[in-house]
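Peer 1: With the input below, show me the fold.
(chains A and B)
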Amino acid sequence: MAEERKELIKLESGEAEQPFCWSAGVYGSKFLTELRDNKRFVGVKCPKCGKVYVPPRNVCGPCFAELTELVPVSDEGEIVTFTVVSFGFVDPSTGKQKPVPYGYAVIKLDGADTYILHYLDETDPQKIKVGARVKAVFEEERTGSMLDVKHFTLLER
Amino acid sequence: MGKRVAVVGVGMTKQRSSRPDVNGQELINEAVRAALEDAGISRRDIDAVVIGNMDHFEGINYVDTWSVDGSGALMKPIMKLTTGGTTGTTVAMAAYYHVASGLFDRVLAVGWEKNSESDTTGAIITAFDPFWDRPIFAGAVAGLALEATQYMHLTGATEEDAAYVAVRERRHALNNPFAHLHINLTIEDVMNSPYLSWPVKMGDMCPRTDGACAVVFASEDVVEEFPNKPAWILAVADRHLWAYTSDPYVNQAIENGWWFPALEWSAREVYDKVGIKDPLKEIDVAELYLPYSFAGLRYMESLGFCERGGGPDLVRSGATDMGGECPVNPSGGVMSSNAIGATGLLRVAECALQIQGRAGDRQVPDVKIALATGFGGCFWSDVLLMGREMPEKPRG
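Peer 2: Now for the predicted structure:
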């Protein structure tokens, strides 16, 4: 009789893929087509409290009001908070390693009341400050995604 | 109307980095057997089961169905919950609601996770919006780092202040045989550990853990059947207020009037219900979901243990150490063990053990009131206040 093997067996999922197809909604679509076609940011304004939402959405949570008014928002703004990511991980959207280190910030665009996440073109945390002015740098090839903005560049260094 | 509810039994597995010797159901069964034995009952005595984990972390859905043999839920009502980091506290709150409703007398709550079975950061990212969050969001570590940067900017707190919390949690864990990390770190060790996402270092973060926890909740009508002293639920609250991961930072500035609003609102609600005026003095022990070191500064302020910006001084004073005014996380907390679906329920289980005087080497003397919290996703919060004395009336 063969000698008993005592290893604990594991199973790997391998290169399994499960494709999804998500809807951005009307305002999300308008936002992304403006980015793609005109390199412009737009927000959606609440008719009750006046708050301008970027990323866009069709309801203001506090007012529970329907949002219908698109308003222009600047491609410049300021850093609300930031980090520099240095741990390696696989981006589940692409299956590829993220190119660490990279700067990443919460950004308030001029004219918006809510914030977006985006990359910074700086990886030294000592050179990035809360409140620093930043401006969007667009990709040449754009597809209708937040990644149509390559990153935000620091306007003061 | 409504019933008062107590925890009468707890069970937990040892929290470990990897448990390749068991599958999910077998891990769940370890905790459930321990909880039933602790409560002195069999699975037949349980009226309903509430179970939770982050099922996409293991990539196996429907834990409520495939775990019935192990959880003891065979042919019983089951409710499954998945709420991110708060999963374990949400499971506890739902078990509480079941019993408080008067429809069930004995309910088993189960929280578990096998983080070793997937890439936790990748799995966390897929919990968020594919258009606005996922392209940039770098999971829990970076999301928390954004909070840490903002906190330091607003208050002047330092990385070294945070390191005090990291050291405290790991020191406390040395008293807990169930904790995952048993390492005696120094401030220097934390400060010299590599940055994961500036300003958050390896020593500041929770580990990834495999583990399970089970807790038996009983109605005031049957509580005397159980050998353990009851640990009463005094009040619970939870708050959610963000859609996207970039939303929370909007109102987390002092000038906007709130300081981690979900936690602050939840805490105020339970304090108001129970009549707590000075939480640091009136609460005897706290088991808080602190996923990283900076949380141990800022959440002190959100919980009303000190003024805004006062977290570093409070922690450095020793008030949150064993022997202090209100020891925080005698178990070693989340920074020492983080099997995500179990983590919140462990906070409740640890509070019960403290109230019952059964916490062994990690026991805080004479605990009358204990506070448990859960933290999840875009800075949402569950808060439970527990006590030795039966409340005068049932509360939400």
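
Peer 1: what kind of secondary structure is the closest residue to B:T120 other than its chain neighbours in?
Peer 2: Nearest non-adjacent residue to B:T120, counting by CB to CB, 6 or more residues apart in numbering or on different chains: B:R208, 5.2 Å away. (C-beta placed from N, C-alpha, C; glycine too.) Assigned state for B:R208: coil (three-state reduction, DSSP: H, G, I helix; E, B strand; the rest coil).

Peer 1: List the pairing partners of the lengthiest strand in chain A within its sheet, with orientation.
Peer 2: The longest strand of chain A (DSSP state E) is strand A:76-85. Its sheet considered, strand A:76-85 pairs with strand A:102-109 (antiparallel), strand A:133-138 (antiparallel), strand B:195-198 (antiparallel) by DSSP bridges.

Peer 1: and the helix or strand following the longest one, what other elements does it pack with?
Peer 2: Read in the C-terminal direction, the helix or strand following strand A:102-109 is strand A:116-120, with elements assigned using DSSP states H and E. For strand A:116-120, the elements it packs on are strand A:102-109, strand A:149-154, judged by 3 or more CB pairs under 8 Å, 6 or more residues apart in numbering or on different chains; DSSP states H and E.

Peer 1: still on that earlier bit, for the longest strand of chain A, the averaged confidence score.
Peer 2: Averaged across strand A:76-85, pLDDT comes to 96.

Peer 1: between it and strand A:149-154, how big is the angle?
Peer 2: If you take axes from the mean of the first three to the mean of the last three CA atoms, to 10 degrees, strand A:76-85 sits at 100 degrees to strand A:149-154.

Peer 1: In contact with the closest residue to B:K393 other than its chain neighbours: list those residues for me.
Peer 2: Nearest non-adjacent residue to B:K393, counting by CB to CB, 6+ apart: B:R4, 7.6 Å away. Counting by CB atoms under 8 Å, 6 or more residues apart in numbering or on different chains, B:R4 touches B:A100, B:S219, B:E220, B:W232, B:I233, B:M390, B:P391, B:K393, B:P394.

Peer 1: check which helix or strand covers the closest residue to A:P92 other than its chain neighbours.
Peer 2: Counting by CB to CB, 6+ apart, B:G122 is the residue found nearest to A:P92 once chain neighbours are left out, at 4.0 Å. B:G122 belongs to helix B:120-125 when assigned by DSSP H and E.

Peer 1: Same question for B:V141.
Peer 2: Here B:V141 is assigned to helix B:139-155, by DSSP H and E.

Peer 1: I'd like to know which elements the following helix or strand past that helix is packed against.
Peer 2: Using DSSP H and E, the helix or strand that follows helix B:139-155 in sequence is helix B:159-173. The elements that helix B:159-173 packs onto, with contact taken as 3+ CB pairs under 8 Å, 6+ apart, are helix B:187-192, helix B:295-302, helix B:311-316.

Peer 1: Which one of those lies nearest to B:V215?
Peer 2: Checking the helices and strands packed on helix B:159-173 against B:V215 by CB to CB gives helix B:295-302 as the closest, at 22.8 Å.

Peer 1: Do the closest one and chain A come into contact?
Peer 2: No - applying CB under 8 Å from any CB of the partner chain, one finds helix B:295-302 separated from chain A by no less than 12.9 Å.

Peer 1: List the residues that contact the residue nearest the centre of chain A.
Peer 2: Centrality entry for chain A: nearest residue to the mean C-alpha point is A:L117, 4.3 Å, by CA atoms, centre = their mean. When contacts are counted by CB under 8 Å, 6+ apart, A:L117 touches A:Y104, A:A105, A:V106, A:I107, B:W132, B:D133, B:I136, B:F137, B:T245, B:S246.

Peer 1: how close does the residue located most distally from the centre of chain B sit to chain A?
Peer 2: Residue farthest from the centre of chain B, counting by CA atoms, centre = their mean, is B:F131 at 29.9 Å. Noted for B:F131: a distance of 5 Å to chain A, by CB to the nearest CB, to the nearest Å.
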